[in-house]
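Colleague: what would the 3D arrangement of this be:
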Amino acid sequence: MKKINLSITGCMGRMGQQIIKSSNKKKEFKIVSLTESKVINKKISGIKLSLNNIGSFKKTDVIIDFTVPKCTLEVLKLATKLKKRIVIGTTGFNKREELLIKKFSKTIPILKAGNMSLGVNLLMYLTEIASKSLGNNFLSKVYEVHHKHKIDYPSGTALMLGKGIADGKNKNLFSMIGKKFLNKQQFPYSKKINFNSIRKGEVIGEHEVSFSSGKEIIKLNHESFDRALYSEGALTAAKWLMKKKAGLYSMRDLLNFK
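Modeller: All right, here's what the predicted structure looks like:
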């Protein structure tokens, strides 16, 4: 069986390290390059770290990127030049950056997900169904908890769930985003989608969507216990992307949720 050559960007980060660990356990993958945005004189799994450049990605089949938006867009430019597939787990993109990713996807296959977990993507699907079924009589909000090192808020997963709410109402997420709270004990419902992000300890991830009519509340939630579920999801995405043409895909496409 021919192995899939893999490049991992942001390899010194928490997810980068986890993806290296998970891919070393999978026989179908071979890591050909590990990159960082700054020069680091170090080897991991016998591979010398390099910068994000043409040479780093020349021999790869798929790039897995869990970094920051600025870095991801730099990697996307290189991937497009080399016609390489890319799995994006980076979060925190603004509207302009999202449009740029869509533009790149006309040339190369891109799978982008705010969360690579099967459970979270199922939660998003159920959120969309609930939002559509409950209609405008119910207000909604999204609550999430992550470790203290996470910078962006709301998290990419929280925004995915917000998109599930918006899609259920046939509305654009950006037009539906309400207030963004940080570390609040309580936060209100509104006609838009309010978000509350908690940053504490080493929590891997907790997410909850609530719908309220004023007379009753419906809650959908998910809790992560092991970071490996994200890296394994990213590797599943990389393998799936090998058979795809240029386009912008999501975990929902991979999981075949209708």
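
Colleague: could I get the average pLDDT for the longest helix seen in the chain?
Modeller: As assigned by DSSP state H, the longest helix anywhere in the chain is helix 118-134. The average pLDDT within helix 118-134 is 94.

Colleague: next SSE downstream of that helix?
Modeller: Using DSSP states H and E, the helix or strand that directly follows helix 118-134 along the chain is strand 139-146.

Colleague: centre of the chain to that next one, how far?
Modeller: Relative to the mean C-alpha coordinate of its chain, strand 139-146 is positioned 17 Å out (Cα atoms, centre = their mean, to the nearest Å).

Colleague: got it, and stretch 192-202?
Modeller: Relative to its parent chain, stretch 192-202 has a centroid offset of 16 Å by Cα atoms, centre = their mean.

Colleague: list the buried residues for it?
Modeller: Under the neighbour-count criterion of 16 or more other Cβ atoms under 10 Å, stretch 192-202 has Lys192, Ile193, Asn194, Phe195, Asn196, Ser197, Ile198, Arg199 buried. From N, CA and C alone the C-beta is placed, and that goes for glycine too.

Colleague: next step: those residues restricted to strands.
Modeller: Ile193, Asn194, Phe195, Asn196, Ser197, Ile198, Arg199 (DSSP state E).

Colleague: what's the separation between the nearest residue to the third one once chain neighbours are set aside and Lys191?
Modeller: In other words, Phe195. Leaving aside its chain neighbours, Phe195 sits nearest to Pro154 (4.0 Å; criterion: Cβ to Cβ, 6 or more residues apart in numbering). Going from Pro154 to Lys191 by Cβ to Cβ, to the nearest Å gives 18 Å.

Colleague: so which of these two has more stuff around it?
Modeller: Pro154 (27 against 10; other Cβ atoms under 10 Å).

Colleague: next, give phi and psi for that one.
Modeller: Main-chain torsions, Pro154, degrees, to the nearest 10: phi -60, psi 160.

Colleague: for it, what are its contacts?
Modeller: Counting by Cβ atoms under 8 Å, 6 or more residues apart in numbering, Pro154 makes contact with Val142, Glu144, Gly162, Lys180, Phe195, Ser197.

Colleague: mind checking pLDDT for the residue lying closest to the fourth one once chain neighbours are set aside?
Modeller: This means Lys180. Spatial nearest neighbour of Lys180, excluding adjacent residues (Cβ to Cβ, 6+ apart): Phe195 at 5.0 Å. Listed pLDDT for Phe195 reads 98.

Colleague: quick one: contacts for Phe195?
Modeller: 141-144, 153-154, 158-159, 162, 177-181.

Colleague: go again using 7 Å as the cut-off
Modeller: Listed by Cβ atoms under 7 Å, 6 or more residues apart in numbering, the contact set of Phe195 reads Val142, Pro154, Ala158, Gly162, Lys180, Phe181.
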